[in-house]
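Visitor: From the sequence below, what's the structure:
(one chain, ligands or ions: 1)
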Amino acid sequence: MKPLIVANWKMNPLKRKDAEVLFRRVYKGVMNVNNADVVICPSFVHLPILGALARATSVRIGAQDFFWENAGPFTGEVSAGMLQNCGATFVIIGHSERRLYLGETDTMVNKKVRMAVGSGLMPVICVGARMRGREAPKIIARQLRAALAGVVPARAQNIAIAYEPIWAIGTGDPETPEGAVNVRAHIKKILVSLFGVQKGGVIRVLYGGSVTAENAGSFTGSHGAGLDGLLVGGASLKSKEFADIVRAILR
Ligand code: 13P
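Guide: Numbers count the residues shown, from 1 in each chain. Predicted coordinates for the structure are as follows:
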């Protein structure tokens, strides 16, 4: 199983030109890496240009969100097919910022997950509690079971889960590698209970929240805690740091 490193550019950068330059720099930094899947998730408006640029590269493109219907009267929304026509093969679903600011619920997340797996987009499903503590595993289990309701085992290998504790996002205070690996085990157990050992066991579980070039290797790679990849926010906007993160997890 190759590690999966996903860059979530969130609502950055402002200009198309800057997105293009950042993509080219990132690509230059990771172009010799072939034992990891590297995915960049720009804003919707930069997807067409990045999708075109990425076509000739090993870097894959993902969206940060989408809608659960194919077409119709859904003002402001974007469908799976539209994303795929722009070259996207991945989509982040249920990010805590969408749950917090856009009112995204477990039910909405589930509809998106089912649409993604049905249309061949690989969902990166985000789960994580607001606070540290005893409630966190229960919240994660609820989010995960709700997100995956109705997904058949045959489609399960086309899914990735990102453990993103909300308190660690953008704070410079990451989860400990031990904490992340414990949550990975908790998530894996649920995945195996839902999909069986063979299908559930191969689903990649990523960590996200204040990942930097300095701490990336402690979560992943042969010397790391055993996570299957990373979901990177702020540090993915710095091309050199992001390339260092990718290389760190391959050590
Ligand atoms: P930071 O890496 O900026 O903490 O963001 C994490 C995140 O939310 C990625 O989806």
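
Visitor: For stretch 192-208, which residues meet the burial criterion?
Guide: Within stretch 192-208, the residues scored as buried using 16 or more other C-beta atoms under 10 Å are 194-195, 199-200, 203-208. All C-beta atoms are positioned from the backbone trio N, CA, C, and that covers glycine.

Visitor: Tell me which two of those residues sit farthest apart.
Guide: Farthest pair in these (C-beta to C-beta) is Lys199 and Gly208. Separation: 23.5 Å.

Visitor: How about the chain: which residue is closest to the ligand?
Guide: Residue nearest to the ligand within the chain: Gly233 (2.2 Å; C-beta to the nearest ligand atom).

Visitor: I'd say Arg130 and Trp167 touch.
Guide: Yes. Between Arg130 and Trp167 there is a contact under C-beta atoms under 8 Å: 6.8 Å.

Visitor: The two: which has the busier surroundings?
Guide: Neighbour tally, Arg130 and Trp167, criterion other C-beta atoms under 10 Å: the higher count belongs to Trp167, 18 against 14.

Visitor: Assess the claim that the more buried one and Ser96 are in contact.
Guide: No. In this structure Trp167 lies outside contact range of Ser96 using C-beta under 8 Å: 10.0 Å.

Visitor: List the contacts of Ile140.
Guide: Residues in contact with Ile140 (C-beta atoms under 8 Å, 6 or more residues apart in numbering) are 127-129, 163, 183, 186-187.

Visitor: May I have the secondary structure class of the nearest residue to Arg155 once chain neighbours are set aside?
Guide: Excluding the flanking residues, the one nearest Arg155 by C-beta to C-beta, 6 or more residues apart in numbering is Val117, at 4.3 Å. Classification of Val117 using DSSP: H, G, I helix; E, B strand; the rest coil returns helix.

Visitor: So what's the predicted local confidence for Val117?
Guide: Val117 carries a pLDDT value of 97.

Visitor: cool, and Ala248?
Guide: For Ala248, the model assigns a pLDDT of 89.

Visitor: That one belongs to a helix?
Guide: Yes. Looking at Ala248 with three-state DSSP, it is inside a helix.

Visitor: I'd say it and Gly221 touch.
Guide: Yes. Judged on C-beta under 8 Å, Ala248 makes contact with Gly221 at a distance of 6.6 Å.

Visitor: For those two, work out which one has more neighbours and name it.
Guide: A direct count of neighbours by other C-beta under 10 Å for Ala248 and Gly221 places Ala248 higher, at 23 against 18.

Visitor: Can you name the residues that contact the more buried one?
Guide: Contacts of Ala248 by C-beta under 8 Å, 6+ apart are 213, 216-217, 220-221.

Visitor: May I see those residues arranged in CSV, with pLDDT and secondary structure as well?
Guide: As requested, the contacts of Ala248 are arranged in CSV below (pLDDT from 0 to 100; DSSP: H, G, I helix; E, B strand; the rest coil):
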residue, pLDDT, secondary structure
Ala213, 96, helix
Ala216, 95, helix
Gly217, 94, helix
Thr220, 91, coil
Gly221, 76, coil
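
Visitor: Spit out the residues that contact Trp167 and Ser96 alike.
Guide: Taking C-beta under 8 Å, 6+ apart as the criterion, Trp167 and Ser96 both touch Arg130.

Visitor: interface residues of this structure facing the ligand?
Guide: Counting by C-beta under 6 Å from any ligand atom, the chain comes close to the ligand at 8, 95, 164, 169-170, 208-211, 231-235.

Visitor: how about a cut-off of 8 Å?
Guide: Counting by C-beta under 8 Å from any ligand atom, the chain comes close to the ligand at 6, 8, 10, 92, 95-97, 126, 162, 164, 168-171, 174, 208-211, 231-236.
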